[in-house]
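S.K.: Have a look at this fold, sequence not included:
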Ligand code: CP
């Protein structure tokens, strides 16, 4: 299949077709096995992070540098002219004149789409508020394929903050291509948004809602844990009520399927007990590493070098 991502903005996972997703995963696999330190020589990535990040920003920047490219940017908008009142549109228009591709994160939903209107250079959304996190989904799919040796017809639980969790919104949409059976485990107030559920119904994806992890843990191949996102609650008291709703403990894995793998986009607060880290079920640190290869593949593809 030809690379149809050249020059494209990557704003929502829903805008990538199944063959496009599979091609990113194939290229990520190749890059994991065979590093290409000169592939992006002479090219520059703008790394524009208006919201905190460890994995997404650092793996994007490392991905670019390990492919021979260079990086400019910021991890704190407080050191940019946003502090003086410059609009996102103006900032991205200017940065787009300096670089070949922009990876960005912003606390507002729709910010990446707005940024894409400001420049002809490809914008890659590294998370916009509670909306989308498409590159997380690419690394999640890559990781699922790696640890389960397949992507199709898996039983997958998504647990925790499904309302504000952009990673689970993007992942649920992507899984519509792969015949997954989905289990959503969350307090009522943090369940999967209706617009995602409606899309799943339209596409014939089977899913069910649950309040307890124990209801699903023995049934699934992937247990995708998420953090309750305190920073997105308008009322801190509401966060206090739900913040400890789900804490996965090692003794809860007694009836797990032998092939179960626990994923988490990270950062973790307390929702996975650290005793689980050394069990055969934990795969979240490998998942975070895979962000490097998925982002290398995507950068090389939007820059037209694969
Ligand atoms: N998974 C993820 O987006 O992590 P960071 O917030 O550290 O980038």
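M.R.: Structure received. This is a predicted model, so every value here is computed, not measured.

S.K.: residues of the lowest-mean-pLDDT helix or strand in the chain that come out buried?
M.R.: One helix or strand of the chain scores below all others by mean pLDDT, DSSP states H and E: helix 236-242, with a mean of 89. By neighbour count with 16 or more other Cβ atoms under 10 Å, helix 236-242 contains the buried residues 239, 242. The way it works is simple: take the backbone N, C-alpha and C, and place the C-beta from them, glycine included.

S.K.: Name the next helix or strand downstream of it, please.
M.R.: strand 261-263 (DSSP states H and E).

S.K.: I'd like the mean pLDDT over that next one, please.
M.R.: The average pLDDT for strand 261-263 rounds to 98.

S.K.: Up against the ligand, what does the stretch 151-300 of the chain have?
M.R.: Contact residues (Cβ under 6 Å from any ligand atom) of the stretch 151-300 of the chain with the ligand: 265-267.

S.K.: can you give me the strands for this protein?
M.R.: Taking DSSP state E as the criterion, the chain contains strands spanning 44-49, 70-74, 101-106, 123-128, 155-159, 181-185, 207-210, 222-225, 261-263.

S.K.: Export these to a markdown table and append columns for distance to residue 303.
M.R.: Output for these, formatted as a markdown table (distance: least, Cβ to Cβ, whole Å):
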| stretch | distance to residue 303 |
| --- | --- |
| strand 44-49 | 9 |
| strand 70-74 | 13 |
| strand 101-106 | 6 |
| strand 123-128 | 11 |
| strand 155-159 | 32 |
| strand 181-185 | 34 |
| strand 207-210 | 36 |
| strand 222-225 | 30 |
| strand 261-263 | 28 |
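
S.K.: and those as JSON lines, adding mean neighbour count and distance to residue 6?
M.R.: Below are the strands of the chain laid out as JSON lines (neighbours: other Cβ atoms under 10 Å; distance: least, Cβ to Cβ, whole Å):
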{"stretch": "strand 44-49", "mean neighbour count": "24", "distance to residue 6": "16"}
{"stretch": "strand 70-74", "mean neighbour count": "16", "distance to residue 6": "20"}
{"stretch": "strand 101-106", "mean neighbour count": "26", "distance to residue 6": "11"}
{"stretch": "strand 123-128", "mean neighbour count": "27", "distance to residue 6": "13"}
{"stretch": "strand 155-159", "mean neighbour count": "24", "distance to residue 6": "31"}
{"stretch": "strand 181-185", "mean neighbour count": "23", "distance to residue 6": "32"}
{"stretch": "strand 207-210", "mean neighbour count": "15", "distance to residue 6": "34"}
{"stretch": "strand 222-225", "mean neighbour count": "26", "distance to residue 6": "31"}
{"stretch": "strand 261-263", "mean neighbour count": "24", "distance to residue 6": "30"}
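
S.K.: if I read this right, residue 242 contacts residue 189, doesn't it?
M.R.: Yes - the pair residue 242 and residue 189 passes the contact test of Cβ atoms under 8 Å, sitting 6.5 Å apart.

S.K.: coming back round to it: show me the one of the strands of the chain that comes nearest residue 147.
M.R.: strand 261-263 (4.6 Å; Cβ to Cβ).

S.K.: who does the closest one touch, helix- and strand-wise?
M.R.: When contacts are defined as 3 or more Cβ pairs under 8 Å, 6 or more residues apart in numbering; DSSP states H and E, strand 261-263 packs onto helix 134-148, strand 222-225, helix 284-302.

S.K.: which of the ones you listed sits most buried?
M.R.: strand 222-225 (a mean of 26; mean count of other Cβ atoms under 10 Å).

S.K.: Once you drop chain neighbours, what's closest to the residue nearest in space to the middle of the chain?
M.R.: Nearest to the geometric centre of the chain sits residue 136, at 1.8 Å (Cα atoms, centre = their mean). The shortest distance from residue 136 to any residue other than its chain neighbours is 4.7 Å, reached at residue 167 (Cβ to Cβ, 6 or more residues apart in numbering).

S.K.: so residue 65 sits right up against residue 71, yeah?
M.R.: Yes - the criterion here is Cβ under 8 Å, and residue 65 meets it with residue 71 at 6.3 Å.

S.K.: And for the nearest residue to residue 120 once chain neighbours are set aside, the neighbour number?
M.R.: Spatial nearest neighbour of residue 120, excluding adjacent residues (Cβ to Cβ, 6+ apart): residue 96 at 6.9 Å. Neighbours of residue 96 under the rule other Cβ atoms under 10 Å: 20.
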